[in-house]
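> show me how the following folds:
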Amino acid sequence: MEIIITDLTRFSNPAIVCIAGINIATNECIRPLPYIATDECLRLNILPGSKLDGDFQQNTTRGLPHDEDNSYNSLRYNGACTAAEFYQVLNNTTVTSISDGFDYLFPEGGKVIPYTNTPQQSIITLKVQASQIRIVKDKSIKKKIKLNLLDNDGRRFTYLPITDLGFYNYAIRHFDDNDFPERINAFIDSQTDLYLRVGLSGRYSNNGRDGYWLQINGIYTFPNFDAEIRSYY
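Predicted coordinates:
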């Protein structure tokens, strides 16, 4: 089965990364498990838009909402897809809003789905206007960036963690620049189309809230992209 990588996300352990992609024949999302070693990711040149071929089998160990989990026997790099192919695979998987995609009506300021309301999936694609998002610096944790979003249904989500590995690395390099993050927001504003890959964490509890937490797995602009963000550096 061949998938196009749509998610390349970081962990606190830099030795591993999480990848996920879309089977273009079915629009099914596949998350290969076990997580891939960072060195192997570099060796295979796995980036958003990479084509990977593998022998995948659904893995139900974690259960819902991580229905995308698949074990694999091998991964083979089949080159990069075209911009048109990447656009199409994102566009084919869009939902109207975060609440719609996860079948949970988020309250104002909500960022977590209670474990008692387990959704059927853990990754969705959202198409929004550039004016609906802003990349901001984390107020409490240096070198971290977050995303503020006005969703298509009018709900506001603030300080969502960005786990997109390319954006994380970009932030590490440029966090102290005088024009950061204004420069990247200006670039996003200059683009025609914007897609977000929105994911859910594994279940954990924080300040009395127990469940699956929102995170931004991927931020993709069209027709252009920032080459530094979408490359190893």
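> low pLDDT regions in this protein?
232-233 (pLDDT under 70).
> who's sitting farthest from the centroid in it?
Distance from the C-alpha centroid of the chain, by CA atoms, centre = their mean, peaks at Asn178 (26.8 Å).
> distance check, that one against Arg155.
33 Å (CB to CB, to the nearest Å). C-beta here means a position set from N, CA and C on the backbone, and glycine is covered the same way.
> buried sites along the lengthiest strand in the chain?
Longest strand of the chain, by residue count under DSSP state E: strand 209-222. By 16 or more other CB atoms under 10 Å, the buried positions in strand 209-222 come out as 211-222.
> one more: stretch 94-104?
For stretch 94-104, by 16+ other CB under 10 Å, it's 95, 97-99, 101-102, 104.
> how far off centre is that stretch?
15 Å (CA atoms, centre = their mean, to the nearest Å).
> try stretch 181-188
For stretch 181-188, the separation from the chain centroid amounts to 19 Å (computed by CA atoms, centre = their mean).
> who touches it?
Applying CB atoms under 8 Å, 6 or more residues apart in numbering, the external contacts of stretch 181-188 come out as 130, 133-137, 145, 170-171, 174, 177, 194, 219, 221, 226, 229.
> cool, and stretch 118-125?
In contact with stretch 118-125 (CB under 8 Å, 6+ apart) are residues 6-7, 20, 29, 31, 64-68, 90, 93-95, 98, 101-104, 113, 195-200, 212, 217.
> export it to PDB, keeping only CA atoms.
C-alpha atoms of stretch 118-125 as PDB (Å, rounded to 0.1, in the frame of the first residue of the first chain):
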ATOM      1  CA  THR A 118     -14.100   8.900  22.700                       C
ATOM      2  CA  PRO A 119     -14.200   9.900  19.000                       C
ATOM      3  CA  GLN A 120     -13.800   7.500  16.100                       C
ATOM      4  CA  GLN A 121     -10.600   9.000  14.800                       C
ATOM      5  CA  SER A 122      -7.600  10.900  16.100                       C
ATOM      6  CA  ILE A 123      -6.500  13.000  13.000                       C
ATOM      7  CA  ILE A 124      -8.600  15.300  10.800                       C
ATOM      8  CA  THR A 125      -7.900  17.800   8.000                       C
END
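> which of the residues in it are buried?
Buried residues in stretch 118-125 (16+ other CB under 10 Å): 118-119, 121-125.
> now stretch 124-139
Buried residues in stretch 124-139 (16+ other CB under 10 Å): 124-128, 130, 132-135.
> and if you look at stretch 77-88?
80-81, 86-87.
> equivalent analysis for stretch 191-199, please.
194-199.
> same check, this time on stretch 170-190
Those buried within stretch 170-190 under the rule 16+ other CB under 10 Å are 170-171, 180-181, 184-185, 187-188.
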